[in-house]
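**Q** Build the 3D model from these lines:
(chains A and B)
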Amino acid sequence: MPQVTLTVNGQTHSVEVEGRTLLVELLREKLRLTGTHVGCDTSQCGACVVHINGESVKSCTTLAVMCQGAQVTTIEGLAKPDGTLHPMQEAFREYHALQCGFCTPGMVMSAVDLVAKNPQGLSEQEIREGLEGNLCRCTGYHNIVKAIAAAQDVMHGRRETLAAAAE
Amino acid sequence: MYDFAYHKPSSVADAVKMLAADPDAKAISGGHTLLPALKHRLNRPTALVDLSGIAEMRGISRAGNAIRIGALTRHVEVETSAEVASAIPTLAYLAKHIGDTQVRNRGTIGGSVSNNDPAADYPAAVLGLGATLHTSKRRIAADEFFLGMFTTALEADEILVAVEFPIPEKAGYAKMRNPASRYVMTGAFVSKGPMGVRVAVNGAGPCVFRQSAMEAALSANWSPEAVAGIRQSADGLNSDIHGSAEYRAHLVTVMAKRAVAAAG
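**A** Residues are numbered from 1 along each chain as shown, chains lettered A, B, ... in the order given. Reported below is the predicted structural model:
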């Protein structure tokens, strides 16, 4: 069986996989990182979004064996080791941007990539378009969009805290 | 998904050897079309030949009056390329509207063109600009490349290495997306330049095609009004739960008008 060596949330792993093993299967079943979800398994819903080398991808449509040498970040890798939440996670909590929470890991990972790639700032419309690859069946997106709008100000240093952003 | 062997060559020559040695092997790059197909067991390759390590298939460069895009170039790279934005902005626009962010971070131009999905975007640009396809063994003109639904002139052991787009004076692209799947229901790519006036239609039929009546009209008068009265026949167009052949035929005219307006 092929061996793949990759770094997940800063930790290097060497794992035996089948050719057909998906990245999300490696993360959930081999590494027990179950924060990354499988929703549709057809690359539409975005619950499985993780970062590979800093870019958001759907881990249900990525072969593990093709991630040799990759730097992977999952939802578990966003918060600081002391438990301090990433500004995007904090914003999702602050703005109540979830109900059942199933889509949330993918939403947060997509949102972090979207905001990081757009330091000039995003309008509400641009945030909605940027979330095209993520589906949420509970919230109607409204609070998710609000959370991302607030988090971008903190991520880009325009506001110090979310509380300030919320005012 | 059935299991398969995995190979990762580092040159086009090695990849071709691997594909030639095993007729049931398939090439993979971004995998955003192939992996969903394998999950549905629509295909059962014995081996996947991963092209992603082949440096000679990467990159965007301008050579004279053309832009050359390596087959492994991902949609996000075309979308954000300064070279593409200055030479063929419509191509950057097209790339930016493929799938979603995550698809564009993985999917490649070579995969899209080689697969020739009737609802894919890139075949419209390739045919609509009169591009040249550089393969592992020859050059193929766009007019000879797209043969039918999911069928191209590529042979089993032949790999698309790069696409060379002549830089047009003007080009425009417009599409009507299926509101659920976001795939192209019908699109039109129009251009005027070194390859003449071209109108390529995607999504409407089983394979991208040129609309010659519209090309003639636009050659005489480059304006949205020139194509507004031209009706596409519904014969042979796709008909499914999302739209009838007649609806798609109607969209051909609407999209062509919008594409010409976008081209300016």
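
**Q** where does chain A have low pLDDT?
**A** Screening chain A residue by residue with the criterion pLDDT under 70, one finds the ranges A:164-167.

**Q** need the residues of it near chain B, please.
**A** Proximity of chain A to chain B, by CB under 8 Å from any CB of the partner chain, involves residues A:2, A:18-20, A:22, A:41-43, A:46, A:49, A:55-58, A:61-63, A:65-66, A:68, A:110, A:113-114, A:130, A:132-133. To be clear about C-beta, it is placed using only N, CA and C from the backbone, and glycine gets the same treatment.

**Q** Now the buried members of those residues.
**A** Burial by neighbour count, 16 or more other CB atoms under 10 Å in any protein chain shown: within those this picks out A:2, A:18-20, A:22, A:41, A:43, A:46, A:49, A:55-58, A:61-63, A:65-66, A:110, A:113-114, A:130, A:132-133.

**Q** Show me the domain layout of chain B.
**A** Under the assignment automatic domain parsing, the domains of chain B span B:1-52, B:170-263.

**Q** all strands of chain A, in order?
**A** Residue ranges of the strands in chain A, as given by DSSP state E, are A:3-8, A:11-16, A:49-52, A:55-58, A:71-73.

**Q** Could you work out which of the ones you listed reaches nearest to residue A:121?
**A** Distances from residue A:121 to each of these were compared by CB to CB, and the smallest falls on strand A:55-58, at 18.7 Å.

**Q** which ones are touching the residue nearest to residue A:108 when sequence neighbours are not counted?
**A** Computed as CB to CB, 6 or more residues apart in numbering or on different chains, the closest residue to residue A:108 that is not its neighbour in sequence is residue A:88, at 5.3 Å. By CB atoms under 8 Å, 6 or more residues apart in numbering or on different chains, the contact set of residue A:88 is A:78, A:108, A:111, A:112, A:115, A:147, A:148, A:151, A:155.

**Q** Nearest to chain B among those residues?
**A** Sorting the contacts of residue A:88 by how near they are to chain B, with CB to the nearest CB, puts residue A:111 at the top with 10.6 Å.

**Q** Which single residue of chain A ends up nearest chain B?
**A** Of chain A, the residue with the smallest distance to chain B, taken as CB to the nearest CB, is residue A:133 at 3.1 Å.

**Q** Skip ahead from whichever strand or helix holds residue B:124 and say which helix or strand is next.
**A** Per DSSP states H and E: residue B:124 is located in helix B:122-129. Elements were assigned by DSSP H and E; along the chain past helix B:122-129, the next helix or strand is strand B:132-135.

**Q** Helices of the stretch 101-250 of chain B, residue ranges please.
**A** Shown for the stretch 101-250 of chain B, the helices assigned by DSSP state H, counting those that start in this stretch span residues B:101-104, B:109-115, B:122-129, B:142-145, B:212-220, B:224-228, B:245-263.

**Q** Kindly report the same for chain A.
**A** Chain-ordered helices for chain A, with DSSP state H as the definition, fall at A:23-25, A:87-94, A:104-116, A:124-130, A:142-155, A:162-166.

**Q** possible to save those helices as JSON lines with distance to residue B:69?
**A** Listed next are these as JSON lines, based on distance: least, CB to CB, whole Å:
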{"stretch": "helix A:23-25", "distance to residue B:69": "26"}
{"stretch": "helix A:87-94", "distance to residue B:69": "33"}
{"stretch": "helix A:104-116", "distance to residue B:69": "23"}
{"stretch": "helix A:124-130", "distance to residue B:69": "24"}
{"stretch": "helix A:142-155", "distance to residue B:69": "32"}
{"stretch": "helix A:162-166", "distance to residue B:69": "40"}
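
**Q** between these, which gets nearest to residue B:85?
**A** The stretch from the helices of chain A with the least distance to residue B:85 (CB to CB) is helix A:124-130; that distance is 18.1 Å.
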